[in-house]
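Peer 1: could you work out the structure for the sequence below:
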Amino acid sequence: MELPFIVTPTLVTWKKFLYKATNTMKSLNRILNPHFVTGFSDAEANFFVRVSKKESSLAGWTVEPVFSMRLHYKDLNLLYLIQRFFGVGKVYPHVEIEEATFRVGSIKELDLIIKHFDMYPLLTKKSSDFILFKEVFEIIKLKEHLNIEGILKIANLKASMNTKLEVNDLPNIVPVPLPSLPLITIRDINPYWLAGFTSGDGCFSVNVIKSKAKLGETSWIRYILTQHNRDENLMSVIAAYLGCGKINKDHKATSLVVQRLSDIIKTIIPLFDKHQLEGVKVKDYADFKKVAHLMDEKAHLTKEGLDEIRKIKNGMNKKRKMIKVTDENINP
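Peer 2: Residues are numbered from 1 along each chain as shown. From the prediction side, this is the model:
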């Protein structure tokens, strides 16, 4: 199912859309590959622990561990597929900010989430957060969070995670050392993981740029993955796995860029034709693929071909036409 891109719907319209989307997802007989789910989680998931005061609790504090993914609601269908894959959690729409969240918060359900990532490990440095999150989970399972000593253990773990500690009244908070992570190698890269990672953090870029060629312009296509510099090794390993691409680095981010047409035709397109992308990125990939084939046929060397490529480019990524959902076109 192609879910429409929603533009500022009313609450009533949103509820109708959500109803229709939910029931359509239930009718699909498609389950995501587990490596894909881990790859997408490496790009988009969050392991979060909230520590807050609660006078009614034995320790005076409460702990809430949460696994979540928050996306623009043009990818609502993908969130439902992920919910179906795990078989736990709920999808929550945020109408005002045009987003939706998949969230898992109960200890029983988080046990299934943790078992998944134990079996299909994260490859980015996000795995550090997962390891610390898992330690918090074990403390809660043992009910140690019901006393102040357990709360302090959790606070020390949280202080080393992805978000800063939000409490100021706990004494002597000492962030734990970050976990020691194994070095990622080519053997760790699964093509479904790469499809999931690309569905989250990948970019299929098409540009028409000035050139010394006869037409004064030419087309340029690139497959790009970008991560924080802490994952520089992972980017290099992905490049080695693909056997192509160039690593670019600035003061904050490391990018893998594949722009040679022959590499795109012989490596990138066969990879994602066989190992399916998900979500709105599918549309960008389809357009990218059209342009790659046009260029492979030398169409970009003609005015007509270059105009066609420009037209495709102008409908991709953030420029993709948005379809407004109204009460007239949503009829559950």
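Peer 1: give me the neighbour count for E304.
Peer 2: E304: 8 surrounding residues under other Cβ atoms under 10 Å. To be clear about C-beta, it is placed using only N, CA and C from the backbone, and glycine gets the same treatment.
Peer 1: confirm that it sits in a strand.
Peer 2: No. Going by DSSP: H, G, I helix; E, B strand; the rest coil, the assignment for E304 is helix, not a strand.
Peer 1: excluding covalently adjacent residues, which one is nearest to the residue of the chain most remote from its centre?
Peer 2: Distance from the centre of the chain peaks at K214, with 41.0 Å (Cα atoms, centre = their mean). Nearest non-adjacent residue to K214, counting by Cβ to Cβ, 6 or more residues apart in numbering: L301, 7.7 Å away.
Peer 1: the one you found and I82, how far apart?
Peer 2: L301 sits 43 Å away from I82, going by Cβ to Cβ, to the nearest Å.
Peer 1: what of K115?
Peer 2: K115 is 16 Å from I82, by Cβ to Cβ.
Peer 1: who has more neighbours, the two?
Peer 2: Remark: of K115 and I82, I82 carries more neighbours, 25 against 10, as counted by other Cβ under 10 Å.
Peer 1: number of nearby residues for F40?
Peer 2: 28.
Peer 1: so what's it up against?
Peer 2: Taking Cβ atoms under 8 Å, 6 or more residues apart in numbering, we find F40 in contact with M69, L78, I82, G196, F197, S199, G200, E278.
Peer 1: switch to 10 Å and redo it
Peer 2: With Cβ atoms under 10 Å, 6 or more residues apart in numbering as the criterion, the residues that contact F40 are 32, 69, 71, 78, 81-82, 192-193, 195-201, 277-279.
Peer 1: go through these and flag which are in helices.
Peer 2: Mapping the contacts of F40 onto helices (DSSP state H) picks out L78, L81, I82, Y192, W193, A195, G196, F197, T198, S199, G200, D201.
Peer 1: so is the nearest residue to the fourth one once chain neighbours are set aside in a helix, a strand, or just coil?
Peer 2: So that's Y192. In space, Y192 comes closest to H35 once its chain neighbours are excluded; the distance is 3.7 Å by Cβ to Cβ, 6+ apart. Recorded secondary structure, H35: helix (three-state DSSP).
Peer 1: just P171 next, same as before
Peer 2: Classification of P171 using three-state DSSP returns coil.
Peer 1: would you mind measuring from R230 to G200?
Peer 2: 17 Å.
Peer 1: more neighbours: which of those two?
Peer 2: Neighbour totals were compared for R230 and G200, and G200 leads with 22 against 12 (other Cβ under 10 Å).
Peer 1: so which bits of the strand or helix carrying Y92 are buried?
Peer 2: Applying DSSP states H and E as the criterion places Y92 in strand 90-94. Judged by neighbour count (16 or more other Cβ atoms under 10 Å), strand 90-94 contains these buried residues: V91, P93.
Peer 1: any idea which helix or strand comes after it?
Peer 2: Later in the chain than strand 90-94, the nearest helix or strand by DSSP H and E is strand 99-104.
Peer 1: what sits up against the helix or strand that that next one is followed by?
Peer 2: Where DSSP H and E defines the elements, the next helix or strand beyond strand 99-104 is helix 107-119. Contact with helix 107-119 is made by 34, 37-38, 41, 45, 47, 65-67, 85-90, 103-104, 126-127, 130-131, 133-134, 136-138, 140-141, as judged by Cβ under 10 Å, 6+ apart.
Peer 1: now those residues: which count as buried?
Peer 2: Buried members of those, counted by 16+ other Cβ under 10 Å: 34, 37-38, 41, 45, 47, 65-67, 85-86, 88-89, 103-104, 126-127, 130-131, 133-134, 136-137, 140.
Peer 1: just the C-alpha atoms of the helix or strand hosting I140, please, in PDB.
Peer 2: Using DSSP H and E, I140 sits in helix 126-141. In PDB, the C-alpha atoms belonging to helix 126-141 read as follows (Å, rounded to 0.1, in the frame of the first residue of the first chain):
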ATOM      1  CA  LYS A 126      24.200   3.200  19.200                       C
ATOM      2  CA  SER A 127      25.000  -0.300  20.400                       C
ATOM      3  CA  SER A 128      26.600   1.500  23.500                       C
ATOM      4  CA  ASP A 129      23.300   2.900  24.400                       C
ATOM      5  CA  PHE A 130      21.700  -0.500  23.900                       C
ATOM      6  CA  ILE A 131      24.200  -2.200  26.300                       C
ATOM      7  CA  LEU A 132      23.600   0.500  29.000                       C
ATOM      8  CA  PHE A 133      19.800   0.300  28.400                       C
ATOM      9  CA  LYS A 134      20.000  -3.500  28.800                       C
ATOM     10  CA  GLU A 135      21.800  -3.000  32.200                       C
ATOM     11  CA  VAL A 136      19.000  -0.700  33.300                       C
ATOM     12  CA  PHE A 137      16.500  -3.200  32.200                       C
ATOM     13  CA  GLU A 138      18.100  -6.000  34.300                       C
ATOM     14  CA  ILE A 139      18.200  -3.700  37.400                       C
ATOM     15  CA  ILE A 140      14.400  -3.200  37.000                       C
ATOM     16  CA  LYS A 141      13.800  -6.900  36.500                       C
END
